[in-house]
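**Student:** Provide a 3D model corresponding to the input given below.
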Amino acid sequence: MRAVVQRVKESKVEVKGRVVGSIGQGILIFLGVGEDDSVKDCDYLANKIANLRIFPDTEGLMNLSLVDTGGAALVVSQFTLWGDCRKGRRPSFAHAARPEMAQELYEHFVRLLMQKDIPVATGQFQEMMDVSLINDGPVTLMLDSSKGF
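**Tutor:** Reported below is the predicted structural model:
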């Protein structure tokens, strides 16, 4: 499972001109599910992301996590994180999970964040979405569960 995490002042996602999810201060998470991912990957990434110390403390140092600050998360499904661009000019998505499996794990990941008392908003699975954000920092991190176990 792959995630791009961006610290934001605010973020929202729209589908067909209608806002389906929005947050104030917190993190925007683009989440991509791979064909070999499981609940174990969700558990790892949800715990890692919720506790990443990427928010400033009173001295301006990145010492606080989303849990510490009470910030929110906007989670957007992003199968293109599994795009393999090594051959040719068109990305291959052969290692992205099938939609049914991806949606199940995506929803499990969202539930795990909610269980940590993190306010969570989401995009809409398998829809074309317009995502907007105001980066805070900017702070952007890439995580891959296969590299964390």
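
**Student:** mind listing the helices for the chain?
**Tutor:** 39-51, 66-69, 99-115 (DSSP state H).

**Student:** Pipe the ones you listed into JSON lines and attach mean pLDDT, distance to I27 and mean neighbour count per row.
**Tutor:** Glycine gets a C-beta too; all of them are placed from N, C-alpha and C. What follows is the helices of the chain, written out as JSON lines (pLDDT from 0 to 100; distance: least, CB to CB, whole Å; neighbours: other CB atoms under 10 Å):
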{"stretch": "helix 39-51", "mean pLDDT": "97", "distance to I27": "7", "mean neighbour count": "18"}
{"stretch": "helix 66-69", "mean pLDDT": "97", "distance to I27": "6", "mean neighbour count": "18"}
{"stretch": "helix 99-115", "mean pLDDT": "98", "distance to I27": "10", "mean neighbour count": "17"}
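
**Student:** Quick one, which of the ones you listed gets closest to S77.
**Tutor:** S77 lies closest to helix 99-115 among these, at 5.1 Å (CB to CB).

**Student:** buried set for stretch 68-80?
**Tutor:** G71, A72, A73, L74, V75, V76, S77, Q78, F79 (16 or more other CB atoms under 10 Å).
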